[in-house]
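J.: Turn this into a structure:
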Amino acid sequence: MQTIRARGRHAETIRINDYLWRVIASDGFVFGHVERVLTREGDRFEAKRYQLAAARFIAVGRFWNFADAVDSLR
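T.: Got it, this is the predicted structure:
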C-alpha cells in the first residue's frame, strides 16, 4: 500500500494488478481507480472516479505521472 497526500486528505493506493490501483481515503472512502495505459509515448495513468448515481466509473483524465492521477481523484 502506498500513501499519497491528495489535496489535504491522504489517499492510499492498493495495487490490484500490474495495471490497476484502487485509491481510498484512510477512512475507507473510495476515491476511484487509477489504470496504467500503455501508449507509444510511454505509460500514462488514467484516473477514474466511481459515480454512485450512475453505478459506473467516469474518466477524470490521463496523466504522465501516477501521483498526479491519484491527486485528481480528490
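J.: measure Val16 to Glu41 for me?
T.: Just so we're on the same page, residue 16 is Ile rather than Val. Counting by Cβ to Cβ, to the nearest Å, the gap from Ile16 to Glu41 is 24 Å. (Each C-beta comes from the backbone N, C-alpha and C, glycine too.)
J.: Those two: which has the busier surroundings?
T.: Ile16 (12 against 7; other Cβ atoms under 10 Å).
J.: What number of residues are in the vicinity of the residue lying closest to that one once chain neighbours are set aside?
T.: Distances taken as Cβ to Cβ, 6 or more residues apart in numbering place Arg22 nearest to Ile16, at 6.0 Å, with adjacent residues excluded. When neighbours are defined as other Cβ under 10 Å, Arg22 has 16 of them.
J.: Kindly state the beta-bridge partners for Arg22.
T.: Ile14, His33 (DSSP bridges).
J.: contacting residues around it?
T.: Thr13, Ile14, Ile16, Val30, His33 (Cβ atoms under 8 Å, 6 or more residues apart in numbering).
J.: can you pull the buried residues of stretch 41-50?
T.: Buried residues in stretch 41-50, counted by 16 or more other Cβ atoms under 10 Å: Arg44, Phe45, Glu46, Ala47, Lys48, Arg49.
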